[in-house]
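Asker: got a structure for you, letters missing:
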């Protein structure tokens, strides 16, 4: 499965201006502004009139569009706005993001979220900040009061779904994806729902769902990639090849399309064609270790140990924590009699993937060949425990 857990930028929900398109940009940084703390003691009757609030937010939004960050921040840091309208915190966070001051943007959103915990726009934007800094647990917590309805903005539902997927909370992710699709049955929501179902292992359901949309989206490479991925997972190699070759024809620059096509060709036994497809995928995304790893397995199938080892080294150069490559390197080194090197690689493999049964099995072999009986027995016990845990987690 190749659902990309990239962050979906949540647009700032300011009705007076479409300023969200500016958040991605980071123009030359000017003076960095620090947020003001929302004061819960400020009463509603201390707020300016709605017309004044709209005027101030409209003015700040225009300044943001013009990259006049000092002027925008000067208006938005006013307690009379921060305490009285949730859009102020969203817009102020956008200003701070545009300046590159992400910690301050996060602080503003935290204060706004505490003041308006049920505001979906604030919750989704705060979750995005947390997720972008690797704080997945806090991102999930920010969504405690998030409630997706037909009127919820699509960007906010996408962001919430990404957070839940990153946290492996598939049921709330599916509920949000389903609501998004029901509200706006577009290509984006079709693929979002399909990706959630894929991660749940519901490949037949994905194939049926996307199959019903083929006539509408057959010219979309992303659609065909998603469909071919589920067909691959369902062992429908011929169908997967047809759809992924069409995706490559539509978008020859897609890493995923070439990578999936290579995998399909391997399953169909066409190793000669798979190798250049893996090479193309690598050229499009050289930092992805799994492509090197699967290419290495092709060389293993062709009994080309030198090429396999060279590609595994490239995989580990791309990501030294990629457990499958570490494990395969260890296996090769056992065969070559490089037992200490094998142990080093395999210990790293279980460090980065404690659930790897193959790595523990290979460690048993390596220690046995080294004559380290106690270590071998310890790895046998660990292998048995890991296998039971894996079976339990898979419901077996």
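Answerer: Arrived safely. What you are looking at is a predicted structure, and each value in this text was computed from that prediction instead of being measured.

Asker: Quick one: neighbours of residue 382, just the number.
Answerer: Number of residues near residue 382 (other Cβ atoms under 10 Å) recorded here: 17. For glycine as for every other residue, the C-beta is placed from the backbone atoms N, C-alpha and C.

Asker: buried sites along the helix or strand harbouring it?
Answerer: Per DSSP states H and E, residue 382 falls inside helix 373-393. Buried residues in helix 373-393, defined by neighbour count with 16 or more other Cβ atoms under 10 Å: 375-376, 379-380, 382-383, 386.

Asker: quick one, what contacts the residue nearest to residue 243 when sequence neighbours are not counted?
Answerer: Nearest non-adjacent residue to residue 243, counting by Cβ to Cβ, 6 or more residues apart in numbering: residue 228, 4.1 Å away. Taking Cβ atoms under 8 Å, 6 or more residues apart in numbering, we find residue 228 in contact with 239-241, 243-244, 247, 260, 264.

Asker: can you redo the buried residues of helix 373-393 as TSV with pLDDT and distance to residue 220?
Answerer: Shown next, in TSV, are the buried residues of helix 373-393 (pLDDT from 0 to 100; distance: Cβ to Cβ, whole Å):
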residue	pLDDT	distance to residue 220
375	96	53
376	96	53
379	96	48
380	97	50
382	95	46
383	96	45
386	95	41
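
Asker: what's downstream of the lowest-mean-pLDDT helix or strand in the chain, the next helix or strand?
Answerer: Scoring the helices and strands of the chain by mean pLDDT, DSSP states H and E places helix 79-82 at the bottom, with a mean of 86. Downstream of helix 79-82, the first helix or strand assigned by DSSP H and E is helix 86-99.

Asker: That following helix: how far from the chain's middle?
Answerer: Put simply, helix 86-99 sits 24 Å off its chain's centre (Cα atoms, centre = their mean, to the nearest Å).

Asker: just checking, what packs against that helix?
Answerer: helix 50-65, helix 69-76, helix 79-82, helix 102-115, helix 120-132 (3 or more Cβ pairs under 8 Å, 6 or more residues apart in numbering; DSSP states H and E).

Asker: on contacts alone, who are the packing partners of the longest one?
Answerer: This points to helix 50-65. Helix 50-65 packs on helix 69-76, helix 79-82, helix 86-99, going by 3+ Cβ pairs under 8 Å, 6+ apart.

Asker: The residue nearest to residue 243 and residue 207: what is the separation?
Answerer: Counting by Cβ to Cβ, to the nearest Å, the gap from residue 228 to residue 207 is 10 Å.

Asker: What is the nearest of the buried residues of helix 373-393 to residue 277?
Answerer: Nearest to residue 277, judged by Cβ to Cβ, of the buried residues of helix 373-393 is residue 386 at 33.6 Å.

Asker: Contact partners for the closest one?
Answerer: 354-357, 360.

Asker: Okay, and which of these map to strands?
Answerer: Taking DSSP state E, every one of these sits outside strands.

Asker: out of the residues you listed, who's nearest residue 73?
Answerer: Nearest member of the contacts of residue 386 to residue 73, counting by Cβ to Cβ, is residue 354, at 46.6 Å.

Asker: Let me see the contact set for the closest one.
Answerer: Neighbour list for residue 354: residue 386 [criterion: Cβ under 8 Å, 6+ apart].

Asker: Tabulate the helices and strands packed on helix 50-65 (JSON lines), appending mean neighbour count.
Answerer: Below are those laid out as JSON lines (neighbours: other Cβ atoms under 10 Å):
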{"stretch": "helix 69-76", "mean neighbour count": "21"}
{"stretch": "helix 79-82", "mean neighbour count": "20"}
{"stretch": "helix 86-99", "mean neighbour count": "26"}
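
Asker: right, and those - which one's nearest residue 105?
Answerer: Using Cβ to Cβ, those put helix 86-99 closest to residue 105, at 3.9 Å.

Asker: and the direction of that closest one versus that of helix 120-132, what angle?
Answerer: On the basis of axes from the mean of the first three to the mean of the last three Cα atoms, to 10 degrees, helix 86-99 is oriented at 30 degrees to helix 120-132.

Asker: Quick check: mean pLDDT of helix 86-99?
Answerer: In this model, helix 86-99 carries a mean pLDDT of 90.

Asker: Could you find the closest non-adjacent residue to residue 302?
Answerer: According to Cβ to Cβ, 6+ apart, the nearest residue to residue 302 is residue 271 (6.4 Å).

Asker: so the one you found makes contact with residue 298?
Answerer: Yes - in this structure, residue 271 is within contact of residue 298 by Cβ atoms under 8 Å, at 5.4 Å.

Asker: which one of these two has more residues nearby?
Answerer: Neighbours were counted for residue 271 and for residue 298 using other Cβ under 10 Å; residue 298 has more, 20 against 14.
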